[in-house]
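*Asks:* quick one: sequence plus predicted model below, questions after.
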Amino acid sequence: MGTFDVSEIFQFAIGIEENGEKFYRYAAQMTEDGKTKEAFNRLADEEIGHKKIFEEILSKIEKYEPPEIYPDEYFSYLRAYVNDAVFTREMQEKELPAVKDTFSAIKFAIQRELDSILYYQEIKKFVTKDQHDLIDGIIEEERRHFLKLSKFLKKLR
């Protein structure tokens with residue numbers, strides 16, 4: 001497998017945000033509780049905002065080679081990580097049938113938010129230092145999503 005360009009990394013990130021938004025809309029439709037429904041819709045809207053940030057970064061980047069000794073391996077790692085661990089369409093198709101109530105939706109979302117945080121921490125290596133604040137801002141928002149979801153989960157228990 002040859003290397004791929006950094007634009008693919010951000011295309012993955014855009015896909016993560018798109019799939020996250022779809023999941024949160026699905027979860028909002030599934031729940032009967034008004035506050036939880038509102039929270040899921042707000043999280044979906046925030047995913048749209050993250051997508052716009054990644055699209056903006058993507059429009060400004062050029063081909064990039066990571067500083068690692070084995071860039072092919074590093075890109076392969078990132079590709080495998082996003083394909084296996086974050087809000088992927090395949091994961092949703094496989095795991096969404098098990099999401100049958102608000103409790104399971106929140107647990108699913110918590111894990112995806114944690115996975116997203118790790119991915120975004122990795123992709124910071126592919127942007128200039130002046131763009132780190134953008135990625136850090138998204139990481140902080142994903143952390144806030146995690147905290148919101150954790151609070152909802154605690155209330156449900």
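*Replies:* Cool, got the structure. Numbering: from 1, shown residues only.
*Asks:* from Lys155, how far out is Lys22?
*Replies:* To Lys155, Lys22 is 25 Å away according to CB to CB, to the nearest Å. C-beta here means a position set from N, CA and C on the backbone, and glycine is covered the same way.
*Asks:* so these two - more neighbours on which side?
*Replies:* Lys22 (16 against 11; other CB atoms under 10 Å).
*Asks:* and that one, how far from Ile16?
*Replies:* According to CB to CB, Lys22 and Ile16 sit 11 Å apart.
*Asks:* go on, Tyr119?
*Replies:* Relative to Ile16, and taking CB to CB, Tyr119 is found at 7 Å.
*Asks:* for these two, indicate the residue with more neighbours.
*Replies:* Legend: neighbour count by other CB under 10 Å for Tyr119 and Ile16, higher for Ile16 (25 against 21).
*Asks:* which SS class is the more buried one?
*Replies:* Using DSSP: H, G, I helix; E, B strand; the rest coil, the secondary structure recorded for Ile16 is helix.
*Asks:* kindly list the longest helix within the protein.
*Replies:* The single longest helix within the chain, with elements called by DSSP state H, is helix 34-60.
*Asks:* for it, packing partners?
*Replies:* Contacts defined by 3 or more CB pairs under 8 Å, 6 or more residues apart in numbering; DSSP states H and E place helix 34-60 against helix 6-30, helix 102-123, helix 132-156.
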